[in-house]
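A.B. asks: Curious how this folds, go ahead:
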Amino acid sequence: MPTVHSTPSASELGSSERERVCVIGAGCSGITAAKVLHERGLAFDCFELSDRVGGNWVWGNSNGVSAAYKSLHINTSRSRMEFSDFPMPANLPNFARHDQVAAYFDAYVDHFGFRDRITFNTGVEHVHPLPGGGFEVRLSNAETRRYGSVIVANGHHWDPRMPEPAFPGVEGFTGEQIHSHDYTDEQQLTGKRIVVLGMGNSAMDICTDASYHAAETYLSHRRGVHIIPKYVFGKPFDEIGAHEKIPSRVRWGVARVVMRAATGPMSRYGLQEPDHKFAQAHPTVSSRILDRLAHGDVVPKPNIQRFDGDSVVFTDGTRVAADLVIYCTGYKISFPFFDAGFLDPSGDNEIRLYQRMFHPTVPGLYFIGLVQPLGAVMPIAERQSELAADHLQGLHALPERAAMDAEIDHHRKAITKRYVASKRHTIQVDFVDYMRALRRERDAGARRRTTAQAAAHRVGA
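C.D. replies: Numbers count the residues shown, from 1 in each chain. A predicted model of the protein is given here:
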């Protein structure tokens, strides 16, 4: 009979503790997990550092770690990010603003009736796996509880990653330096000479804001990217060919042709040409930045070479005086409530999880939303949560350890082959492909459980 990695049997925990689940975080992934557990009748506690749900979509969040800014809008269309059983209001724009999204999450919690299961203004300070199974969880109020399972849904856009290594002369720079995480509104830009470093979505938004409020705006970039407009042929770009039955090679082949027709080469806007094909890096979505570049309100520059007093010197030898440099250089994947090295011994954002959500050696430890999708995370978190709940209820069985390791290794090789080498791509998934993989894993896990039960019955007979 094959070995089955099932839910923990923690003899040292009481029966109520063994059956109870700790959910860390009440952002979009945490409330999704909580909703599924609530519907299934599973006992759980959800802890949220803030005074409300919504995580990064709450501008001015009291938790001090969320990174919304005043001009933030979704980069995936409303129809592609909404939950399957709770549509976003039809009166919202296709690309809704942060407060509209946060209100949607609030309505989701109240509609399904589990707000009383969330403990607000309470963080999780430490999670310790117990030798016999289960977990000891210490809270920010100094209380310690025990759980049979833990669902980690604290997000991965809160621990800023600064340029590595630091640029020469940076310590002597007389201007201000911040990470995009610290950007909140346009008042920080007004009248200043701004250099934005990066080519991701935050960099595009901040550059666009600066082009209207700053004295000068420069966009510095190490490599080119494909910039995707939010609308193509009058439709949201992510609605084109987005179906699980369409193979990715066909889907992205068509998308590449469409993008070339929609934007033309990036060099037309003064940007470096990408050294990779469309969809081989996390998408940069902006309908506004190309307009600001075309009108000269944002001036493209190559990578920063060094700092010199109040000046930023670029690799092409040009320099500009700057009052503020904003680093849009991504985030570290951090879990401060786990012991150092527990998840990422290399310190390089390499998190080994089966199907991107199951810890292969610690039963009962699940991760929801720890992916960087080519698409929206909310439907992914919904499908992950259903799968985790199946496993908690004994409806799904994981394969043996060797098979889990093989799947993780295969995914890592596929990531390395497809995407540009970057620390942000260690958790990258293609939305459609991954949604299909989760559906197949749910079916396969149910078959493994049935096979194991039948084998156990034969042995017992």
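A.B. asks: beta partners for I151?
C.D. replies: With DSSP bridges as the criterion, I151 is bridged to V23, Y366.
A.B. asks: how about D310, phi and psi?
C.D. replies: phi -100, psi 10 (degrees, to the nearest 10).
A.B. asks: Please name the residues that touch it.
C.D. replies: By CB atoms under 8 Å, 6 or more residues apart in numbering, the residues touching D310 are 173-175, 321-323. Glycine gets a C-beta too; all of them are placed from N, C-alpha and C.
A.B. asks: Out of those, give me the one that has the most neighbours.
C.D. replies: A322 (22 neighbours; other CB atoms under 10 Å).
A.B. asks: pretty sure that one is touching L189, no?
C.D. replies: No. Look at A322 against L189 with CB atoms under 8 Å: they stay out of range, at 12.0 Å.
A.B. asks: Distance of F105 relative to G133?
C.D. replies: According to CB to CB, to the nearest Å, F105 and G133 sit 33 Å apart.
A.B. asks: Show me which of these two is the more surrounded one.
C.D. replies: The residue with more neighbours, out of F105 and G133, is F105; 23 against 19, by other CB under 10 Å.
A.B. asks: State the number of residues packed around the residue nearest to the more buried one when sequence neighbours are not counted.
C.D. replies: Leaving out its chain neighbours, the residue that sits closest to F105 by CB to CB, 6 or more residues apart in numbering is G54, at 4.7 Å. By other CB under 10 Å, 27 other residues sit near G54.
A.B. asks: thought P93 was touching I74?
C.D. replies: No. Judged on CB under 8 Å, P93 makes no contact with I74 at a distance of 9.3 Å.
A.B. asks: Show me which of the two is the more surrounded one.
C.D. replies: Regarding P93 and I74, a neighbour count based on other CB under 10 Å identifies I74 as having more, with 23 against 11.
A.B. asks: Please list all residues in contact with the more buried one.
C.D. replies: I74 touches 81, 95-96, 101, 376, counting by CB under 8 Å, 6+ apart.
A.B. asks: Now intersect those with the helices, please.
C.D. replies: With helices defined by DSSP state H, the entries of those inside them are 81, 101.
A.B. asks: Out of the contacts of I74, give me the one that has the most neighbours.
C.D. replies: Busiest of these [other CB under 10 Å] is V101, holding 24 neighbours.
A.B. asks: Nearest spatial neighbour of that one, chain-adjacent residues omitted?
C.D. replies: In space, V101 is closest to W57, 4.6 Å off (CB to CB, 6+ apart).
A.B. asks: Who are the contact partners of the one you found?
C.D. replies: Applying CB under 8 Å, 6+ apart, the residues near W57 are 27-28, 66, 68, 72, 98, 101-102, 105.
A.B. asks: Kindly report the same for A322.
C.D. replies: A322 sits in contact with 175, 193-195, 218, 310-312, where contact means CB under 8 Å, 6+ apart.
A.B. asks: need the residues you listed in CSV with pLDDT and distance to L290, can you?
C.D. replies: Formatted as CSV, the contacts of A322 follow (pLDDT from 0 to 100; distance: CB to CB, whole Å):
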residue, pLDDT, distance to L290
G175, 98, 27
R193, 98, 22
I194, 98, 18
V195, 98, 19
Y218, 98, 16
D310, 97, 30
S311, 98, 28
V312, 98, 23
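A.B. asks: Tell me which of the residues you listed fall in strands.
C.D. replies: Among the contacts of A322, DSSP state E puts 193-195, 218, 311-312 in strands.
A.B. asks: of all those residues, which comes closest to R356?
C.D. replies: The closest of the ones in strands among the contacts of A322 to R356 turns out to be V195 (CB to CB; 35.2 Å).
A.B. asks: quick one: that closest one and F314 touch, right?
C.D. replies: No. Look at V195 against F314 with CB under 8 Å: they stay out of range, at 9.1 Å.
A.B. asks: which residues are common contacts for those two?
C.D. replies: In contact with both V195 and F314: 220, 301, 304, 320, using CB under 8 Å, 6+ apart.
A.B. asks: Most neighbours among the residues you listed, which one is it?
C.D. replies: Highest count within the shared contacts of V195 and F314 by other CB under 10 Å belongs to S220, 26 neighbours.
A.B. asks: Phi first, then psi, for the nearest residue to L365 once chain neighbours are set aside.
C.D. replies: Leaving aside its sequence neighbours, L365 sits nearest to H359 (CB to CB, 6+ apart; 4.1 Å). Backbone geometry at H359, expressed as degrees, to the nearest 10, gives phi -70, psi 130.
A.B. asks: which residues does H359 contact?
C.D. replies: Listed by CB under 8 Å, 6+ apart, the contact partners of H359 are 353, 365-367.
A.B. asks: rerun at 10 Å
C.D. replies: 5, 129, 150, 152, 342-343, 351-353, 365-367, 404 (CB atoms under 10 Å, 6 or more residues apart in numbering).
A.B. asks: so can I have a markdown table of those residues showing neighbour count?
C.D. replies: What follows is these, written out as a markdown table (neighbours: other CB atoms under 10 Å):
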| residue | neighbour count |
| --- | --- |
| H5 | 19 |
| P129 | 20 |
| V150 | 24 |
| V152 | 26 |
| F342 | 15 |
| L343 | 20 |
| I351 | 18 |
| R352 | 17 |
| L353 | 20 |
| L365 | 22 |
| Y366 | 25 |
| F367 | 26 |
| M404 | 20 |
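A.B. asks: okay, those residues in CSV with distance to A203 and pLDDT next?
C.D. replies: As requested, those are exported to CSV (distance: CB to CB, whole Å; pLDDT from 0 to 100):
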residue, distance to A203, pLDDT
H5, 41, 45
P129, 38, 96
V150, 34, 98
V152, 28, 97
F342, 32, 85
L343, 28, 82
I351, 25, 87
R352, 30, 92
L353, 28, 95
L365, 34, 98
Y366, 32, 98
F367, 27, 97
M404, 36, 97
